[in-house]
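Colleague: no sequence for this one, just the structure:
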């Protein structure tokens, strides 16, 4: 069950690798590390943000290797 899933982020859970921004959008590339049940996952994510009136109003997260992410959580 998803409510029983415990993900432990390792000591430095993410690295911000790059940022592109304009007045109404921002894109951030992150490298994320996590552990579940002694298994480790390292994966890159793209975060896309919508900015309105100087505030972030929406964020979309996209794993760059969705098959790797799905396989990791299938085994959790």
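Modeller: Received it, and whenever you're ready, just let me know what you need. Small disclaimer: the values here were computed from a predicted structure and weren't measured.

Colleague: Quickly note the distance from residue 19 to residue 72.
Modeller: 26 Å (CB to CB, to the nearest Å). The way it works is simple: take the backbone N, C-alpha and C, and place the C-beta from them, glycine included.

Colleague: okay, these two: which has more neighbours?
Modeller: Between residue 19 and residue 72, residue 72 has the larger neighbour count (other CB atoms under 10 Å), namely 19 against 11.

Colleague: SS state for that one?
Modeller: For residue 72, the assignment made with DSSP: H, G, I helix; E, B strand; the rest coil gives helix.

Colleague: Can you name the residues that contact it?
Modeller: Counting by CB atoms under 8 Å, 6 or more residues apart in numbering, residue 72 touches 36, 39, 41, 43.

Colleague: what's the distance between it and residue 29?
Modeller: On the measure of CB to CB, residue 72 and residue 29 end up 19 Å apart.

Colleague: residue ranges for the helices of the protein, please.
Modeller: 66-74 (DSSP state H).

Colleague: Where does pLDDT dip in it?
Modeller: 1-13, 75-76 (pLDDT under 70).

Colleague: For the residue of it most remote from its centre, give its distance to residue 31.
Modeller: In the chain, residue 53 marks the outermost C-alpha relative to the chain mean, sitting 25.0 Å out by CA atoms, centre = their mean. For residue 53, the distance to residue 31 equals 31 Å [CB to CB].

Colleague: Give the buried residues for stretch 66-76.
Modeller: residue 72 (16 or more other CB atoms under 10 Å).

Colleague: Now do the contacts for the residue most central in space within the chain.
Modeller: Closest residue to the average C-alpha location of the chain: residue 45 at 4.6 Å, with CA atoms, centre = their mean. Contacts for residue 45 (CB under 8 Å, 6+ apart) come out as 29-32, 61-64.
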